[in-house]
Structures are given as C-alpha cells and as structure tokens.
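A.B. asks: Got a sequence here, can you build the structure:
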Amino acid sequence: MLNASKIVFIEFDGASWNVINPLLQKNKLPNIKYLIKNGASGTVLSDPPLLSPRLWVSIFSGKHSKKHGVEFFGNSSTMVKCKRIWDIFHEKGYTVGVFGSFVTWPPYPVNGFMIPSLFALGTETYPEEYKFLQELTLSERKKGKSVIPSNGNKKSLIHYAVKMKTHGVSFKTLWTAGAQIITNHLKKSSNDERYLKRTVAHLNISTEIFLHLYKRYKPFFATMHIHLCDAIAHRYWKYYEPKKFQDIDQRLAERYRNVIPNAYIEADRMIGKIVEKAGDAIIMVMSDHGSDAMETSKTAYSLHIENFLNLFKLRDKVIPANVGLMTFCYFQDKESMQEMLPLFEKVTFQGTGERVFDVLKEESLIGLRLSKDFWGKEIRGEMRLNLEKLGICNFSDLFLLQKMEVSGTHSREGILIMNGPNIKKEVHIKGATIFDITPTALALSGLPVAKDMDGKVLEDVFEDKFLTTHSVQYIDSYEDNLSPTKIALEEAKYDQIKGQLKSLGYL
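C.D. replies: Prediction:
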C-alpha cells in the first residue's frame, strides 16, 4: 500500500437518483455536483430483499448474505461470519474509523474508533468515552421526543451538552437542538414536525462528532453513515409525489412538499464538511438501495403487526419489518420458520378458499403481504379467515387499511459516486452492484481482492496510469484467521427494537 490514498466512505442510506437529479439541475446540491463532475458516478444495483443491515454488510464485505450471515434488523456484530473492509485494514496495521454503520454493535477494539448504528441495543462504543452519544440515541428511541433527554433533569441536560461540546459539537448545533426542545414543548408541534427536526439534529450532531474523531485519529479508512434521507423518504414521500397517492391532504402536501428535497440538501451540506476534512482522500459515496413511492391503491392493506404476532404465536420468535406492503419476518429459529411457511401458504378466506397471503421465502426470512389478487378491492372487516390449526379470525383482526403513514419504499437502484486520486473525471459507472464496492476500494488501496468475494473491481473508473502501475492482485480469501474474540450474544427480540423500527419507517 505504498503511497496509497486514504479512503472515506459516506454511507448515504436510501439515496436515490430520482431525487438527486432534479436537485442537481437546480444547483441545490453543490457538494454532490462537485464530486460527480470531478469523478465517476452511476447506479449501483442492490440485492433483494432490500433490508439495510444485510445490504450494508454485503457492501463492506463484498459478499452475499449467505456468506456473511446477516439477514435482518437486530442482528449483532457477533453474527458476521466474515471480515469487513475495516477489519482488513485494521489487521494490516492501519487506523480505521467506523461511525454509525449497521451491525457494529457490540463494537470491538480497532486501531481507531467504532461508534455503532441507530439499532445498537446497548451504549457500548469504542473508545468508551463516546458512549454518551449512544445513551442519547437510546433515550430518543424510547421517548420519541428529542435528541437530548427531556426528563426535566437540568443536571442531565447540562451533562450531555458538556459532553457533546467537549467531543466536537458546535455551540450553534447545541443551541439549535435546545431551541427545538423548547419550541416543541411550547407550540406542541405535530409528530411529523418533531420527527423531521429530530432527525436533522441527529445528523448534525453525529457529523460534528465524526469530524472530531476523524481529526483526532486520522484514519486511513473511515466510514460515516447518513440515515436522514432514508428515514424521511419512508414518512414523507406522499407529499413529495402526492399525485401517486389517493386522498392526500393538499394542505399538508403543500406544507411538506419540500421535506425530502431539503433532507438531501442538508445531507449534501454534511457531505461537504466531510469532504473538506478528508483532504486528498478518495471519497466513495454510495447508497444501499434507492427510494420511490410505495406501490399502493385506494384500498391497500397492510399487516396488523401486533395482532399478527399474537394470532400466530410468534411474538418471541420473529422480528417483523415492513418494506412497502411486504412484511418481512426474521426467524431466529429456522425450525419454527419451516413449520410456519406451509401454514402461511394455507391461510384462506373462509367459504371461497382463496389464498390470503403472497408468500416470499428468503434464507431466514419469510415475506408476507395480502395477495395481489385483492389489491384495489374493498374487503369487509368481518370477512372470516381460516388460519388452519390456529383457528378463525376476522379480516380486520389481521389487516389494516393502509393510511399512508409510511409512503416511501425501497428500490433496487442506489447511487455510487467516486472521487479523488486515481479516479477518472466525468465517467459514468456502468453495471455496478453493491458487491463491487469493497473489491474496488481494496484495489485502489493496493491490497489484493479476495476470490471468495462476490463482486468485481470497477476498473473502468481507474485512471489508465494507475492501472498500468497497480494491476489488480488476488488472494483466495481473507477469512483464514477470523477473530476468536467474538462470542455469540443473545439475539435481539422484537420488543427491544420495535421503537427503532417504527421511528425509521419500518413499522
């Protein structure tokens, strides 16, 4: 890796060209525009089912979930069966920084820092002094109110403010967060407005702490996760493209129509700060999937999660999450999954014998939604459903009329932007998949690519001179000496993470 350039990954979760391109035309995203004009960019194809934890582990390992072992929300870092790119750099003796990436809880010692994602189940960070940020995040999820715990404890507020200020958060950002608490209390802001302000404040605080860590540790490889635009898309797409939905309140559409564009503008501002701090590093901006309007109709129905878990006796056996109208159920016990699969397929409308569910099977997942044969049809709540050995229930016990609380869903087309030393300028990236990111980054760093990775090196974006002097090298695998220090933890339960899932638009 002689004279190799540093690499900074920006995990732009859910970022989508169908939002970015119109904003680029209006010159609203100056930092992204600069990266594109002076680098390579294009679409990166994701790997269904489009569930962020499994996708981000695939991005950072170059491997399919069948190899890395992560399928769903709540999976811990101890479940990852292969090395991710920061593990490879760490083992080579280079400093690494990981901030907010999925499936990094519990964190483990690295040459640098590791701050887990929004789905962390505990407050552990590496180094430990940053656990205050996880305390804030967990408090936020439990209370659903503010970035700073609003518990009336003035000492607690001052304590966290001091901690943040000491670790890189500006007075301006702290003042804005504090003002939001007061405004929400006095004006009794709507849930939508509270949610928007909270997610923007979280991004600002996280970015400033990441930059503080980056300056302190000077990592050779660093990655920062931006979840703002994915979370906002789930909740606000109905206002971004109201014509694609039925019965949208036009006053609310006018009020919130710029929320998604403004989220991208805010993310672009944070990207600009990271790029400035990164100096002459290679910048790789990518999303795990794109975003789009949820496929729906005036009479679309979604699964009533709580009733579903109780009716099928699955509360302690699965973790559910919605992507569009599909509810994915992650089974921690594969025997239970094999037992339930035929039962789901046999659920019928009593009297007609018509199947109720479209059923999708993926590894440790079963996806369920109301059969597409009934989309657009009105179904009486008292219609009886035959659950086989589990008895009979009403349709309204198992399904809810979709009220478009969640209106944005995932699409396979994500974004990829590469900029910096040895990257061609104004090049369109073609045929990229999420599995290609790690092989490409390794090749740029002069490290060999493992043959057991499922992706390829995107050599077309490399400058010719670089390829001449740095031909891609290969080894069989990086997995010969997986860390023996990773011990299995008890897996997350639905009740532990449903707050996070709901807050981020998956319930």
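
A.B. asks: thinking Lys334 is in contact with Ser364, fair?
C.D. replies: Yes: using Cβ atoms under 8 Å, Lys334 is in contact with Ser364, at 6.4 Å. Bear in mind the C-beta positions are built from the backbone N, C-alpha and C, glycine included.

A.B. asks: So between the two, which is more surrounded?
C.D. replies: Ser364 (20 against 10; other Cβ atoms under 10 Å).

A.B. asks: That one: what's it in contact with?
C.D. replies: Each residue near Ser364 by Cβ atoms under 8 Å, 6 or more residues apart in numbering is listed here: Glu71, Phe72, Tyr330, Phe331, Gln332, Lys334, Met337.

A.B. asks: what residue is smack in the middle of this structure?
C.D. replies: Among the residues of the chain, the one closest to the centroid is Ser52, at 4.5 Å (Cα atoms, centre = their mean).

A.B. asks: which ones are touching it?
C.D. replies: Asp13, Phe73, Phe102, Asp230, Asp288, His289.

A.B. asks: next one: Ser16
C.D. replies: So Ser16 contacts Ala233, Ser287, Gly290, Ser291, Asp292, Ser411, Glu413, Gly414, Ile415 (Cβ under 8 Å, 6+ apart).

A.B. asks: State the pLDDT value of it.
C.D. replies: Ser16 is assigned 98 on the pLDDT scale.

A.B. asks: For His227, see how far away it is.
C.D. replies: Distance of Ser16 to His227, computed by Cβ to Cβ, to the nearest Å: 14 Å.

A.B. asks: One more: Phe99?
C.D. replies: 12 Å.

A.B. asks: Compare these two (neighbour count), which wins?
C.D. replies: Phe99 (25 against 22).

A.B. asks: Which strand residues bridge that one?
C.D. replies: Beta-bridge pairing for Phe99 (DSSP bridges): Ile115, Met224.

A.B. asks: mind listing what it touches?
C.D. replies: Phe113, Ile115, Ser206, Ile209, Phe210, Leu213, Ala222, Thr223, Met224, His225 are the contacts of Phe99 under Cβ under 8 Å, 6+ apart.

A.B. asks: same deal with Ile115?
C.D. replies: Per Cβ under 8 Å, 6+ apart, neighbours of Ile115: 98-100, 104, 107, 125-126, 130, 133-134, 209-210, 213.

A.B. asks: Relative to Ser471, how far out is it?
C.D. replies: From Ile115 over to Ser471 (counting by Cβ to Cβ), the distance is 36 Å.

A.B. asks: Kindly report the same for Leu118.
C.D. replies: Distance from Leu118 to Ser471, by Cβ to Cβ: 40 Å.

A.B. asks: quick one on the thing from earlier: return the subset of the contacts of Ser364 lying in strands.
C.D. replies: Applying DSSP state E to those, the entries found in strands are Tyr330, Phe331.

A.B. asks: now the contacts of Ser364: which count as buried?
C.D. replies: Neighbour counting by 16 or more other Cβ atoms under 10 Å classes Glu71, Phe72, Tyr330, Phe331, Gln332, Met337 among the contacts of Ser364 as buried.

A.B. asks: Closest to Pro421 out of the residues you listed?
C.D. replies: Glu71 (36.3 Å; Cβ to Cβ).

A.B. asks: Could I get the phi/psi values of the closest one?
C.D. replies: phi -120, psi -30 (degrees, to the nearest 10).

A.B. asks: Contacts only, for it.
C.D. replies: Contacts of Glu71 (Cβ under 8 Å, 6+ apart): Leu51, Pro53, Arg54, Ser65, Tyr330, Glu362, Glu363, Ser364, Leu365.

A.B. asks: Strands of the stretch 401-507 of the chain, start to end?
C.D. replies: 408-411, 413-419, 427-433, 449-450, 474-475 (DSSP state E, counting those that start in this stretch).

A.B. asks: Now do whichever helix in the chain runs longest: which elements does it pack against?
C.D. replies: Scanning the chain for the helix with the most residues, using DSSP state H, yields helix 191-217. Here helix 191-217 touches strand 96-99, strand 112-115, helix 131-143, helix 171-187, strand 221-226, helix 228-240, helix 259-278, going by 3 or more Cβ pairs under 8 Å, 6 or more residues apart in numbering; DSSP states H and E.

A.B. asks: can I get those in CSV with mean pLDDT and distance to Lys456?
C.D. replies: Formatted as CSV, the helices and strands packed on helix 191-217 follow (pLDDT from 0 to 100; distance: least, Cβ to Cβ, whole Å):
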stretch, mean pLDDT, distance to Lys456
strand 96-99, 98, 24
strand 112-115, 98, 28
helix 131-143, 76, 36
helix 171-187, 72, 41
strand 221-226, 98, 20
helix 228-240, 93, 26
helix 259-278, 97, 26
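
A.B. asks: Which among the ones you listed is found nearest to Leu458?
C.D. replies: Using Cβ to Cβ, the helices and strands packed on helix 191-217 put strand 221-226 closest to Leu458, at 17.7 Å.

A.B. asks: now what about that closest one, what contacts it?
C.D. replies: 6-13, 60, 85-86, 89, 94-102, 112, 117, 203, 206-207, 210, 214, 267, 270-271, 274, 278, 445.

A.B. asks: please redo it, this time with the cut-off set to 6 Å
C.D. replies: Strand 221-226 is contacted by residues 7-12, 86, 89, 96-101, 210, 214, 267 when judged by Cβ atoms under 6 Å, 6 or more residues apart in numbering.

A.B. asks: do stretch 405-424 as well
C.D. replies: Here stretch 405-424 has contacts from 5, 15, 17, 35-36, 38-46, 50, 233-234, 237-238, 282-287, 289-292, 294, 323-324, 429, 432, 461-463, 466, 505, using Cβ under 6 Å, 6+ apart.
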